[in-house]
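1. predicted model and sequence follow; I will ask about them next.
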Amino acid sequence: MTTYNATKAKFNALGEELRGVLIMFFAAFFFSLMGFFIKMLSAHHNTFEIVFFRNIVSFTILAGSMLFYKSNSKGGKPVLLVMRGVFGFSAMFCFFYSISVLPLAMASTFVKTAPIFTALFAGYILKEKAGTKVWTAIIIGFIGVLLILKPSQAIAPAGAIAGLCGGVIAAMAYTSVKGLANNYDARTIVLSFSVAGLVGSTIYFMSRLIMGDARYLSTDFIPVGVDIFYVVMVGLLASIAQWLMSVAYKYGRASVISTVSYVGLIFSTVFGYFAGDGWPGMISLFGICLVGLSGILVGMAKK
């Protein structure tokens with residue numbers, strides 16, 4: 001038996017939910033590693049450029065996959081699919097921008113507020129009842145956000161706002177298009193992000209070109225050298241992580257699988273250190289932990 005077959009046999013021997021937990025663990029790792037490469041790219045490229053080239057890579061991978069392995073999705077909700085793409089692009093832009101101006105751990109934490117806002121929106125929009133546990137988790141999460149913001153005098157306000165907006169937009173996407181997964185497979189949904197990202201970035205480039213921006217009158221905005229490697233890694237890791245995440249939810253309860261994603265905050269803190277962010281201060285680190293705890297509590301409260 002080959003090493004691959006032996007590993008596969010051991011993996012299949014695990015319980016279904018444990019397999020989902022393991023898959024989500026790797027998804028969180030790849031998402032955090034993607035953040036590291038975005039941080040590296042931000043030294044030479046703005047957010048629209050990173051989004052554009054990242055989505056070229058993702059679009060190529062996903063479109064190629066769908067050519068070879070046809071989707072059996074029943075479809076039927078094109079408007080919601082477009083909405084999901086626009087929401088996904090907007091949240092992606094906010095996340096990428098916050099990474100470029102904030103420490104990676106902080107940017108990742110702001111995005112992880114999505115479950116908190118989702119719980120709020122679900123209560124007001126979908127009329128889902130939120131018990132004491134959910135409200136306690138929401139309060140803990142917002143205390144964590146305040147601890148991250150208050151002690152850091154050097155924190156970029158625009159980055160913090162963008163990060164929180166990313167969490168809000170992601171929550172809006174989860175709430176408004178809750179049933180989309182029943183009509184489309186994961187590749188189609190992720191592909192909608194890529195298309196929206198390419199269109200949005202192209203509109204930005206054209207507007208800058210019309211305004212006479214010298215950067216877009218030349219090839220200065222195109223990655224060269226090691227940046228090409230960074231772009232490929234961002235697109236590849238994003239595609240792998242999103243696919244792994246969608247697979248993980250098929251193996252176990254969402255309440256359990258979603259909580260595992262918060263291990264990504266630990267990975268982001270470590271990768272941020274290697275990207276030159278340094279370690280977060282004790283108060284900020286405590287705030288990060290509180291946001292992570294709140295997300296876990298929200299997930300567990302919705303069993």
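-> Cool, the structure landed.

2. so which elements touch the strand or helix carrying residue 271?
-> Counting by DSSP states H and E, the element that carries residue 271 is helix 264-274. Judged by 3 or more Cβ pairs under 8 Å, 6 or more residues apart in numbering; DSSP states H and E, the packing partners of helix 264-274 are helix 16-41, helix 104-111, helix 282-301. Where you see a C-beta, it was placed from the backbone N, CA and C, and this is true even at glycine.

3. can you add mean pLDDT and give the ones you listed back as CSV?
-> Output for the helices and strands packed on helix 264-274, formatted as CSV (pLDDT from 0 to 100):
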stretch, mean pLDDT
helix 16-41, 88
helix 104-111, 86
helix 282-301, 76
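
4. what's the distance between residue 53 and residue 93?
-> Applying Cβ to Cβ, to the nearest Å, the value for residue 53 to residue 93 is 13 Å.

5. for the helices and strands packed on helix 264-274, which one sits closest to residue 147?
-> Proximity to residue 147 (Cβ to Cβ) singles out helix 282-301 among those, at 3.1 Å.

6. and the helix holding residue 271, how far from the chain's centre?
-> Mean-position distance between helix 264-274 and its chain equals 15 Å (Cα atoms, centre = their mean, to the nearest Å).

7. so it versus helix 16-41, what angle?
-> With axes from the mean of the first three to the mean of the last three Cα atoms, to 10 degrees as the basis, helix 264-274 and helix 16-41 are set at 30 degrees to each other.

8. pull out the buried residues from helix 264-274.
-> Residues of helix 264-274 classed as buried: 264-269, 271-273 (neighbour count, 16 or more other Cβ atoms under 10 Å).

9. just stretch 243-250 next, same as before
-> Within stretch 243-250, the residues that count as buried by 16+ other Cβ under 10 Å are 243-246, 248-249.

10. okay, and which of these map to helices?
-> 243-246, 248-249 (DSSP state H).

11. could those residues be laid out in JSON lines, adding distance to residue 229?
-> As requested, these are arranged in JSON lines below (distance: Cβ to Cβ, whole Å):
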{"residue": "243", "distance to residue 229": "21"}
{"residue": "244", "distance to residue 229": "22"}
{"residue": "245", "distance to residue 229": "24"}
{"residue": "246", "distance to residue 229": "26"}
{"residue": "248", "distance to residue 229": "28"}
{"residue": "249", "distance to residue 229": "31"}
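
12. among the residues you listed, which one has the lowest pLDDT?
-> Lowest pLDDT of these: residue 249, 70.

13. was I right about that one contacting residue 23?
-> No: at 9.1 Å, residue 249 and residue 23 do not qualify as touching, with contact defined as Cβ atoms under 8 Å.

14. mean confidence score for the helix or strand where residue 145 lies?
-> Per DSSP H and E, residue 145 falls inside helix 132-149. The predicted model assigns helix 132-149 a mean pLDDT of 75.

15. same check, this time on stretch 74-92
-> Stretch 74-92 comes out at a mean pLDDT of 81.

16. flag every buried residue along it.
-> For stretch 74-92, by 16+ other Cβ under 10 Å, it's 77, 80-81, 83-92.

17. stretch 48-62 now?
-> Neighbour-count burial for stretch 48-62 flags 48-59, 61-62 (criterion: 16+ other Cβ under 10 Å).

18. what ranges do the helices span in the stretch 151-300 of the chain?
-> For the stretch 151-300 of the chain, applying DSSP state H, counting those that start in this stretch gives helices covering 157-176, 186-210, 226-251, 254-260, 264-274, 282-301.

19. show me what the fifth one is in contact with.
-> The list of residues contacting helix 264-274 from outside it, by Cβ atoms under 8 Å, 6 or more residues apart in numbering, reads 28-29, 31-33, 35-36, 39, 103-105, 107-109, 112, 279-280, 285, 288, 291-292.

20. do that again at 7 Å, thanks
-> 28-29, 31-33, 35-36, 103-105, 108-109, 112, 279-280, 288, 292 (Cβ atoms under 7 Å, 6 or more residues apart in numbering).

21. what of stretch 97-104?
-> Stretch 97-104 is contacted from outside by 35-36, 38-39, 42, 47, 107, 110, 155-156, 158-160, 162-163, 166, 268, 271-272, 275, 277, 280, using Cβ under 7 Å, 6+ apart.

22. for stretch 42-59, same thing?
-> 38, 41, 92-93, 96-97, 99-100, 191, 194, 197-198, 201, 204, 221, 223, 227, 231-232, 234-236, 238-239.
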